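this is the structure alone, sequence omitted:
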């Protein structure tokens, strides 16, 4: 199957990056749905706005208040061309569009279908010179488990207390073994409406043994060691600024994290997935820094009295940790966080 990578789920990376998946976690609430999608045409010309309708059902009943998203990207380069989303009505039906204006005749693209941020499937769209914008409808059916954390409506946590959720959180699987930080930036910026690819962010950043100053190691190396490693919050701020975003670095713990989320800022968090496996190293000028075996990065997009909702680039899915488990991993990294706005 060909599937674009800008916003998607890629289970294959769960094998390549097995470490984070082996730690204690509980998925956010999910439900099984069937989704019927009708696309106005699969062979539009460049410059077309193509109608898409979707009906979401669970247990035979229409699911109202679900967020349906479509994302069109080049099949080869994975460059995002168009995206859109809409909430289902009381009958479980949503109407939305994708726009081929940024494409060109002869281009092969892929259209992702997501419900509540969970990838259900997709289909090839061939941008065809002289093609009509409608008139050749095609119906498709997808099924799978999706998060019940609806992006457009208040969410009540199933555990204790009411949840605070940032609307429209995206799911995305990192493209290389050690690109979780750049993938987290893609998730955060995409959630805010202007997706910046992990490759574009990477291009803004240099290498450094000190991850506070740049990327440490080989991004294609094996996960879990401290030689081929990653990057910390401070070194991402200038790259975010280059694309019109602000990055606020914090080491101030739970209150600062919940304040960022409540303000609508997806917040990248650094976690020691194996507990405290940290060692200290020093730059030539004597600056001390910490590196931690088993370090991983996710995007916090919600919280409730029981724990934290996260979008995990290791597997392109949504994850929930209770506060105790989350804090155990986060404390290892000194509560490092980067709020994106």
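Cool, the structure landed. Fair warning: this is a prediction, and the values are worked out from it, not measured in the lab. Numbering: from 1, shown residues only.

could I get the full set of strands for the stretch 51-200 of the chain?
61-62, 67-74, 80-87, 93-99, 108-115, 118-126, 138-147, 155-156, 162-165 (DSSP state E, counting those that start in this stretch).

correction: the stretch 201-341 of the chain
With strands called from DSSP E, counting those that start in this stretch, the stretch 201-341 of the chain shows them at 247-250, 267-272, 278-282, 288-292, 295-303, 307-312, 317-322, 337-340.

mind listing what the first one pairs with, with the direction of each?
In the sheet, strand 247-250 lines up against strand 337-340 (antiparallel) (DSSP bridges).

next one: the longest one
Strands that pair with strand 295-303, judged by DSSP bridges, come out as strand 162-165 (antiparallel), strand 267-272 (antiparallel), strand 307-312 (antiparallel).

so for the second one, mean pLDDT?
In this model, strand 267-272 has a mean pLDDT of 97.

check the last one too.
Rounded to a whole number, the mean pLDDT of strand 307-312 is 92.

and what of the first one?
What strand 162-165 shows for mean pLDDT is 80.

quick one: low-confidence ranges for the stretch 101-250 of the chain?
117, 147-162 (pLDDT under 70).

all helices for it, in order.
180-191, 198-202, 237-242 (DSSP state H, counting those that start in this stretch).

want to throw those into TSV with mean neighbour count?
For glycine as for every other residue, the C-beta is placed from the backbone atoms N, C-alpha and C. Below are the helices of the stretch 101-250 of the chain laid out as TSV (neighbours: other C-beta atoms under 10 Å):
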stretch	mean neighbour count
helix 180-191	28
helix 198-202	19
helix 237-242	16
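
who wins for proximity to residue 61 among those helices?
Taking C-beta to C-beta, helix 180-191 is the member of the helices of the stretch 101-250 of the chain nearest to residue 61, at 28.8 Å.

which residues make contact with that closest one from outside it?
Helix 180-191 is contacted by residues 6-7, 17, 166, 168-175, 195-199, 201-202, 230-231, 236, 239-240, 243, 245, 266-268, 296-299, 301, 311, 313-314, 340 when judged by C-beta atoms under 8 Å, 6 or more residues apart in numbering.
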